[in-house]
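[1] Next come a sequence and a model predicted from it.
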Amino acid sequence: MDYKYENYLSLGICPDIVDGELRFSKGNIDYIIDKYLKQTKDFDNYKERTSAMDREYDYQFMMARADTEYYKSKYKQCSDELKELKLLNRRYDRFEKINAGLRSECKRYKQELLKLRMETNKKIVNLTSGEQT
């Protein structure tokens, strides 16, 4: 790679130019080493922070996934219960219709029974009153 003097200046390094070539002094090399070590340390710190953030995001994702699975199973359970309740409700409605029919039949039979009792009582009264006279 061909480095120009401006490239080094932008990095904060001021090499000497001797006979048209770039020459680095001890100060330049120490500066480069210090800058490299500082950037390496900064990069390691950044890597640790991002790794910790990744672990935190992974944890949050796993918790969200667990919540999702829980709510899916809860939804399925509630859906099944709702289906069962609808079935029971339909059965209840059928039984209520049957019961309403049975009640009206019972009411009719009671009325007929009362009518028959009254007729029987009249006949008994007529028979007993006819025997006494």
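    Yes, it's here. Since the model is a prediction, treat every value here as computed from it, not as a measurement.

[2] backbone phi and psi for residue 123, please?
    Phi and psi for residue 123, reported as degrees, to the nearest 10, are phi -60, psi -40.

[3] Now do it against residue 85, distance only.
    Applying Cβ to Cβ, to the nearest Å, the value for residue 123 to residue 85 is 55 Å. Glycine gets a C-beta too; all of them are placed from N, C-alpha and C.

[4] The most centrally placed residue in the chain is in what secondary structure piece?
    In the chain, the centroid-proximal residue (Cα atoms, centre = their mean) is residue 71; its distance is 3.4 Å. Applying DSSP states H and E as the criterion places residue 71 in helix 26-132.

[5] quick check: mean pLDDT across that helix?
    Helix 26-132 carries an average pLDDT of 92.

[6] other SSEs contacting it?
    Contact analysis of helix 26-132 by 3 or more Cβ pairs under 8 Å, 6 or more residues apart in numbering; DSSP states H and E lists no helix or strand as a packing neighbour.

[7] For it, what is the distance to the chain centroid?
    Taking the mean of its C-alpha atoms, helix 26-132 sits 13 Å from the chain's own mean (Cα atoms, centre = their mean, to the nearest Å).

[8] Also stretch 17-34?
    Distance, stretch centre to chain centre, for stretch 17-34: 62 Å (Cα atoms, centre = their mean).
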